[in-house]
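Novice: The sequence isn't on hand, but the structure is:
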């Protein structure tokens with residue numbers, strides 16, 4: 001039992017490494033109806049690879065923690081969890097509005113609005129530079145749209161924004 005209590009983070013990382021490896025393996029069995037650049041196998045593989053990378057990090061930190069015997073102290077956890085309840089509620093509300101707004105307004109304008117508001121919420125009031133936040137929101141949202149449209153050949157919801165032009 002001492003082994004488990006000492007290496008439980010590493011064991012959790014190992015469990016998720018196995019899980020995400022299985023996600024990648026099972027993605028090869030997905031039937032493809034239409035051959036495109038991004039097919040039904042693509043996203044499960046992306047999630048699997050990212051999950052494996054995160055699991056490896058967790059596994060490594062768990063092994064290090066088990067060998068050194070150092071655990072996160074309560075003060076360390078408080079410093080890591082800096083998001084307050086009002087910020088978390090605002091974020092959940094923004095995500096809800098984003099999900100409802102994308103089909104109506106469209107991916108690009110809704111994502112720009114979401115990112116602007118989300119970055120504003122996350123920055124302390126005295127450090128907010130609205131011009132910089134707006135530029136980040138526009139550039140990042142446009143880059144994501146361009147990647148999906150031209151690299152993956154996928155259309156994102158246009159909403160009323162593109163119908164006006």
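Specialist: Alright, I've got the coordinates. It should be emphasised that the depicted structure is a prediction, and the values quoted were computed from it without experimental measurement.

Novice: Give me the next element, helix or strand, following the worst-scoring helix or strand of the chain on mean pLDDT.
Specialist: Using mean pLDDT, DSSP states H and E, helix 74-80 stands out as the lowest-scoring helix or strand of the chain, at a mean of 49. Using DSSP states H and E, the next helix or strand after helix 74-80 towards the C-terminus is helix 85-105.

Novice: Show me the domain layout of this protein.
Specialist: 2-80, 85-163 (automatic domain parsing).

Novice: can you put those in JSON lines and add mean neighbour count?
Specialist: C-betas here are computed from N, CA, C, even on glycine. Shown next, in JSON lines, are the domains of the chain (neighbours: other CB atoms under 10 Å):
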{"stretch": "domain 2-80", "mean neighbour count": "13"}
{"stretch": "domain 85-163", "mean neighbour count": "14"}
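
Novice: Pick out the shakiest of those domains, pLDDT-wise.
Specialist: Among the domains of the chain, domain 2-80 carries the lowest mean pLDDT, a mean of 77.
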